[in-house]
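>>> got a sequence here, can you build the structure:
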Amino acid sequence: MREKLVLIGNGMAGIRTIEEILKNDSDRFDITVFGEEPHPNYNRILLSSVLQGDTTVDDIVLNEYSWYAENQIELVTGDPVIHVDTKKQVVVSQNGVERSYDKLIFATGSNPFMLPLPGADKEGVIAFRNIKDCETMIDTSKKYKRATVIGGGLLGLEAARGLLNLDME
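Below is the predicted model:
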């Protein structure tokens with residue numbers, strides 16, 4: 001009898017783990033993957049390229065929906081897990097999807113840190129972590145012509161370059 005494996009998080013690290021499990025013992029688990037975003041697994045590192053207009057969201061997808069089907073993986077997208085009952089070994093999603101598990105992997109990534117400054121909750125203040133953020137920045141660039149990027153690391157510099165490419169100062 002196959003064990004039930006649930007992965008919470010459809011990002012690069014979690015799916016890479018599933019790829020290794022499939023490579024080493026593809027018949028061991030019935031796998032369910034829950035992802036908060038309404039997309040299959042994609043290369044988050046390349047979001048800057050999407051923002052800059054060098055590529056599309058479709059181009060950064062790592063595992064198409066067909067990959068999940070071919071590997072008999074149940075993919076639940078756009079529906080984050082909100083409860084884990086470790087005694088009953090069940091996870092429950094926001095939309096009420098329940099799955100039991102024998103093994104459970106948390107690979108939920110991180111949340112963007114928004115500085116606790118006055119105005120951080122205003123329209124046009126956007127974190128840069130996922131496809132929705134990228135799309136929001138592109139849409140916002142059509143309304144506003146100036147931007148300030150807080151964060152001078154690689155992602156901040158790439159976001160600034162993307163905003164320049166969107167004709168923002």
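>>> only C-alpha atoms for contact and neighbour calcs from this point on.
Will do.
>>> ok, now which ones touch R2?
R2 sits next to D27, R28, F29, D30 when contact means C-alpha atoms under 8 Å, 6 or more residues apart in numbering.
>>> can you pull the contacts of the first one?
Residues in contact with D27, defined by C-alpha under 8 Å, 6+ apart, are R2.
>>> three-state assignment of it?
The local conformation at D27, judged by DSSP: H, G, I helix; E, B strand; the rest coil, is coil.
>>> quick check: M114 touching D121?
No: look at M114 against D121 with C-alpha atoms under 8 Å: they stay out of range, at 9.2 Å.
>>> endpoints of stretch 56-63, how far apart?
Length of stretch 56-63, first residue to last, C-alpha to C-alpha, to the nearest Å: 15 Å.
>>> quick check: buried residues in it?
V57, I60, V61, L62 (16 or more other C-alpha atoms under 10 Å).
>>> and if you look at stretch 60-79?
Those would be I60, V61, L62, Y68, I73, L75, V76, T77, G78, D79, for stretch 60-79 by 16+ other C-alpha under 10 Å.
>>> circling back: closest to L22 out of the buried residues of stretch 56-63?
Distances from L22 to those, taken as C-alpha to C-alpha, are shortest for L62 (15.9 Å).
>>> which strands or helices does the helix or strand of the chain with the lowest mean pLDDT pack on?
One helix or strand of the chain scores below all others by mean pLDDT, DSSP states H and E: helix 154-165, with a mean of 88. Packing partners of helix 154-165 (3 or more C-alpha pairs under 8 Å, 6 or more residues apart in numbering; DSSP states H and E): helix 47-52.
>>> mind exporting the helix it packs on as CSV, just the C-alpha atoms?
Extracted C-alpha coordinates of helix 47-52, given in CSV (Å, rounded to 0.1, in the frame of the first residue of the first chain):
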residue,chain,number,x,y,z
LEU,A,47,10.5,37.1,-12.0
SER,A,48,12.8,40.1,-12.6
SER,A,49,13.1,39.0,-16.2
VAL,A,50,9.3,39.1,-16.5
LEU,A,51,9.1,42.5,-14.9
GLN,A,52,11.8,43.8,-17.2
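>>> how about the helices of the chain, start to end?
12-25, 47-52, 65-70, 131-141, 154-165 (DSSP state H).
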